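[1] What follows is a predicted structure for the sequence shown.
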Amino acid sequence: MAHHQVLVVGGGSAGLTVAAMLRNKPNAPEVTIIDPSEKHYYQPIWTLVGAGVFPKEVSERNEADFIPPGANWIKDRVESFDPDNNSLTIGSGEKHTYDVLVVAAGIQINWDQIPGLKESVGKPGTGVCSNYDYKTVESTWENIKALKKGTALFTHPSTPIKCGGAPLKITYLASDYWRKHGLSANVKAKFIKGGPGIFAVKKYADSLTRVADRYNIERVWQHDLTALNPDKKEATFKNLDTGDERIEKYDMIHVTPPMSAPDFIKNSPLAAESGWVEVDKSTTRHVKYDNVFALGDNSNLPTSKTGAAIRKQAPVATANVMAQLEGRQPEKEYDGYTSCPLVTGYGKLILAEFDYDKQPMESFPFNQANERYSMYALKAYGLPQMYWHGMLKGREF
């Protein structure tokens, strides 16, 4: 049984950022990362890959290149947690113990929850596509280009999802493409969401509504996709208020699948009833286990699950992990900051930034609810560089 000073579960955005920040400390602790992945993806760019702006390869790097210097890497998955004994078990059956545990295992995409989805998504001729996987993201662009007339559906489930604005962004980009190619009159775009409105922050919701009106996108609220019949090109939706079902015919459907905490977290003592790791929303420390911290998508922090949120959570988690190691109380607090760079068309973006109370927390001295090319350029060209060369290296901004 191996023992570790800090054990980080997950080598995605949150896990690598915290590991790098810890290793950058003058009194750096010993850090071990557990993650089975060979590749690391910058997923926020997949919206633009799905819209034909970039090839998917720009999003992919080797995981090994981003393991922080001096950190150890166990290339395996976690099977179970035993926080009462400060230990966990990995896929090989080995047990590992720790002084401090950081859980940053991301989110689980439940493709099989929608009958008909897994076998049809990304397959030519089905009209079913999704930006939510490296293997399927290019099928979105193929479908957008191929559709000359008919109905295009874009879904957003009622579960929490990574990058809550992404389903809307691809709806706008596809609509902009059809408008630019004179197809607006022939293609009917419908955005169907398992939630009550277009966006949770009114300032940005008002602007996003105007954009949807401009593209003539029909909006349907409180409806979840429950099944696909790819042979008939029919999608079944459930009204979350009444329980009634309705069938929508489509020529193209972009599906955002339902998501949840990973199973090995859901079934562990670390999980809240919701399945996410249960932490204090200010300190990122577990509500029951003082030497356990969680951040990013697998935590129950009540904010959007975005890379921008992780960028602000990571310094807090890092400082509080160091405090725990040194026998001090948590000293740093997270205010719920998150950001959604909402692409509204080719070369246009609304940069939503807000806190736990859904109050705007804007970084720039202008009204970020207005569409701007400068903010689009930031998303397309600036943020990926900040991610690869700054955030994952443990640099604070």
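    Received the coordinates, thanks.
[2] Show me where the stretch 201-350 of the chain has its strands.
    For the stretch 201-350 of the chain, the strands defined by DSSP state E, counting those that start in this stretch cover 218-220, 223-229, 234-239, 245-249, 252-254, 259-260, 292-294, 338-345, 348-354.
[3] Redo those as a markdown table? Include mean neighbour count.
    (Each C-beta comes from the backbone N, C-alpha and C, glycine too.) Compiled in a markdown table, the strands of the stretch 201-350 of the chain are given as follows (neighbours: other CB atoms under 10 Å):
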| stretch | mean neighbour count |
| --- | --- |
| strand 218-220 | 15 |
| strand 223-229 | 20 |
| strand 234-239 | 18 |
| strand 245-249 | 13 |
| strand 252-254 | 27 |
| strand 259-260 | 20 |
| strand 292-294 | 28 |
| strand 338-345 | 24 |
| strand 348-354 | 23 |
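[4] For residue 31, which of those is the nearest?
    Closest of the strands of the stretch 201-350 of the chain to residue 31 is strand 292-294, at 12.9 Å (criterion: CB to CB).
[5] quick one: average confidence on that closest one?
    Taken as a whole, strand 292-294 has an average pLDDT of 99.
[6] What is it packed up against?
    Of the remaining helices and strands, those touching strand 292-294 by 3 or more CB pairs under 8 Å, 6 or more residues apart in numbering; DSSP states H and E are strand 95-103, helix 307-325.
[7] just to revisit the earlier point, and residue 369, which of the strands of the stretch 201-350 of the chain is closest to it?
    Distances from residue 369 to each of the strands of the stretch 201-350 of the chain were compared using CB to CB; the minimum, 5.9 Å, belongs to strand 348-354.
[8] picking up where we left off before, got the strands of the stretch 201-350 of the chain as CSV, with distance to residue 40 columns?
    CSV is the format used below for the strands of the stretch 201-350 of the chain (distance: least, CB to CB, whole Å):
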stretch, distance to residue 40
strand 218-220, 35
strand 223-229, 29
strand 234-239, 33
strand 245-249, 36
strand 252-254, 25
strand 259-260, 19
strand 292-294, 20
strand 338-345, 20
strand 348-354, 25
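[9] Minimum distance to residue 158: which of those strands has it?
    Residue 158 sits nearest to strand 223-229 of all the strands of the stretch 201-350 of the chain, at 5.2 Å, using CB to CB.
[10] and of the strands of the stretch 201-350 of the chain, who's closest to residue 16?
    Smallest distance to residue 16 across the strands of the stretch 201-350 of the chain (CB to CB): 15.0 Å, for strand 292-294.
[11] And that closest one, how far out from the chain middle?
    On the basis of CA atoms, centre = their mean, to the nearest Å, the separation between the geometric centre of strand 292-294 and that of its chain is 19 Å.
[12] which other residues reach it?
    Around strand 292-294, the neighbours that count as contacts under CB atoms under 8 Å, 6 or more residues apart in numbering are 83, 100-104, 270, 277, 279, 284-286, 317, 320-321, 324.
[13] Could you measure from residue 234 over to residue 352?
    In this structure, residue 234 and residue 352 are separated by 34 Å, where distance is defined by CB to CB, to the nearest Å.
[14] what's the offset of stretch 80-99 from the middle of its chain?
    On the basis of CA atoms, centre = their mean, stretch 80-99 is displaced by 27 Å from the centre of the chain it belongs to.
[15] what are the phi and psi values for the closest residue to residue 53 other than its chain neighbours?
    Leaving out its chain neighbours, the residue that sits closest to residue 53 by CB to CB, 6 or more residues apart in numbering is residue 380, at 6.9 Å. Recorded main-chain torsions at residue 380 are phi -70, psi -40, according to degrees, to the nearest 10.
[16] list the contacts for residue 380?
    Shown here is residue 380, whose contacts under the criterion CB under 8 Å, 6+ apart are 45, 48, 53, 54.
[17] now for the helices and strands packed on strand 292-294, which one comes closest to residue 301?
    Each of the helices and strands packed on strand 292-294 was scored for nearness to residue 301 using CB to CB, and the closest is helix 307-325 (6.9 Å).
[18] For that closest one, C-alpha coordinates in CSV please.
    Included here for helix 307-325 are C-alpha records, laid out as CSV according to Å, rounded to 0.1, in the frame of the first residue of the first chain:
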residue,chain,number,x,y,z
GLY,A,307,-13.1,25.9,-17.2
ALA,A,308,-13.4,29.5,-16.1
ALA,A,309,-14.9,28.5,-12.8
ILE,A,310,-12.1,26.0,-12.3
ARG,A,311,-9.6,28.8,-12.9
LYS,A,312,-11.0,30.6,-9.9
GLN,A,313,-11.6,27.5,-7.8
ALA,A,314,-8.1,26.1,-8.2
PRO,A,315,-6.2,28.8,-6.2
VAL,A,316,-8.7,28.5,-3.4
ALA,A,317,-8.4,24.7,-3.2
THR,A,318,-4.6,24.9,-3.5
ALA,A,319,-4.3,27.4,-0.6
ASN,A,320,-6.7,25.4,1.6
VAL,A,321,-4.9,22.1,0.8
MET,A,322,-1.7,23.7,1.9
ALA,A,323,-3.4,25.0,5.1
GLN,A,324,-4.7,21.5,5.8
LEU,A,325,-1.2,20.0,5.4
